[in-house]
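> coordinates only, sequence not included:
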């Protein structure tokens, strides 16, 4: 008995809360009842008054047409109200659905970000630390690179390309990293070797510039990829002959700076001699050349492929403890005698 009572109460509550909708059949029945009521009222009035009413065909048609228009207007009004309510309900349902979907997307996106953060374990502060550490390491290594390049014989475009490759190599971690102590020691060695080379270069060029046998046309660092006077360190005139001088270092910590483009440099000086830009070119090294040096290998290879007169115009001078500087002076004295 208790269960039946509860069920009836639930049915009543459901029936109260459920909205009632009018169907088109109900509307049609209502209109039909209305029309019949109007006709019955007119008939009743006619019977009660006893007055005889006659309808012409046109009047009857007009009467029926008016009733039809009134009924149609009522139907359209009811239909419009019904459609408005349906549209309102549909819009509300879609709005609720859109809000629900947005909430789900927000929740899932938040969960995804949390999973990414927990899986990587890298915070913004950690990323900044990594970048700062890598930048510091690269800056130290670039300092060493610049110390090598300050000998002045490297083309700026070539230096730019090598620095770019060095950065890519560092970032990809393809080379073993140096310890700070090793890097500092290497840079100090490069600085010392560069100082000794510059001392040798100045001794060679200034001694020729001060000599009464020569007339100086150019004194300054040349470039491996240059042309004409830009190719060499010094240009001197002896009589009517233009003689160029290039200085090099064979120090192990500076050798790479000279040897990378040494072969292209040799081909270019041979071309300048062939064109008559220089009568002779003297290559002066700040120490003794060994038989297996890359310099020696490249020079021997060049002499095998060029004409003998051009090969004889390329004079190589070397010697330990800077003794090559005095040998260069002796060569200029010999040239001035034969000029």
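On my side now, so go ahead. Every value quoted in this text rests on a predicted model; they were computed, and no experiment measured them. Residues are numbered from 1 along each chain as shown.

> Where does pLDDT dip in the stretch 201-339 of the chain?
Residue ranges of the stretch 201-339 of the chain with pLDDT under 70: 257, 292-293, 339.

> Going along the chain, name the helices of it.
Using DSSP state H, counting those that start in this stretch, the helices of the stretch 201-339 of the chain run over 255-259, 262-275, 294-305, 308-312, 324-338.

> Check which residues of the last one are buried.
It stands for helix 324-338. 324-325, 328-329, 331-332, 335-336 (16 or more other C-beta atoms under 10 Å). All C-beta spots, glycine's among them, are computed from the backbone N, C-alpha and C.

> can you map out the strands along this protein?
Secondary structure of the chain (DSSP state E): strands at 215-219, 234-238, 241-248, 280-285, 314-317.

> Which among those strands is found nearest to residue 261?
Evaluated over those, closeness to residue 261 peaks at strand 241-248, with 12.0 Å, by C-beta to C-beta.

> What strands flank that closest one, and is each parallel or antiparallel?
In the sheet, strand 241-248 lines up against strand 234-238 (antiparallel), strand 280-285 (parallel) (DSSP bridges).

> list the buried ones in that strand?
Across strand 241-248, burial judged by 16+ other C-beta under 10 Å covers 242-248.

> domains of this structure?
22-46+58-115, 126-186, 191-338 (automatic domain parsing).

> most neighbours per residue, which of the ones you listed?
Of all the domains of the chain, domain 191-338 has the most neighbours on average by mean count of other C-beta atoms under 10 Å, namely a mean of 17.

> what's the straight distance from one end of that domain to the other?
41 Å (C-alpha to C-alpha, to the nearest Å).

> Which pLDDT value goes with residue 25?
Residue 25 carries a pLDDT value of 69.

> ok, now residue 74?
83.

> so it makes contact with residue 31?
Yes. Counting by C-beta atoms under 8 Å, residue 74 touches residue 31, with 6.8 Å between them.

> if I look at residue 291, how far off is residue 253?
21 Å (C-beta to C-beta, to the nearest Å).

> picking that back up, in JSON lines: the strands paired with strand 241-248, plus distance to residue 301.
Formatted as JSON lines, the strands paired with strand 241-248 follow (distance: least, C-beta to C-beta, whole Å):
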{"stretch": "strand 234-238", "distance to residue 301": "26"}
{"stretch": "strand 280-285", "distance to residue 301": "15"}
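
> so which of those strands comes closest to residue 264?
That would be, of the strands paired with strand 241-248 and by C-beta to C-beta, strand 280-285, which comes in at 14.5 Å.

> which helix is the longest one in this structure?
If you go by DSSP state H, the chain has its longest helix at helix 57-120.

> Point out the other helices and strands that it packs with.
helix 24-49 (3 or more C-beta pairs under 8 Å, 6 or more residues apart in numbering; DSSP states H and E).

> between the helix it packs on and helix 57-120, what angle do the directions make?
Calculated by axes from the mean of the first three to the mean of the last three C-alpha atoms, to 10 degrees, helix 24-49 forms an angle of 160 degrees with helix 57-120.

> Show me what helix 24-49 packs onto, helices and strands only.
Short answer (3+ C-beta pairs under 8 Å, 6+ apart): helix 24-49 packs on helix 57-120.

> Please work out which residues outside stretch 232-240 touch it.
With contact meaning C-beta atoms under 8 Å, 6 or more residues apart in numbering, stretch 232-240 is reached by 153, 201, 204-205, 208-209, 213-222, 229, 242-247, 269, 278, 281, 332, 335-336, 339.

> measure that stretch end to end?
19 Å.

> What of stretch 281-291?
Length of stretch 281-291, first residue to last, C-alpha to C-alpha: 21 Å.

> Give me the residues contacting that stretch.
With C-beta under 8 Å, 6+ apart, stretch 281-291 has contacts from 196-197, 200, 204, 232, 243-251, 269, 272-273, 295-296, 299, 313-322, 324-325, 327-328, 331.

> Next: stretch 31-42.
Outside stretch 31-42, the residues within contact range by C-beta under 8 Å, 6+ apart are 67, 71, 74-75.

> do the same with stretch 196-209
Applying C-beta under 8 Å, 6+ apart, the external contacts of stretch 196-209 come out as 151, 214, 216, 219, 233-234, 236, 245, 247, 249, 251, 254, 284, 286, 322, 324-325, 328-329, 332.
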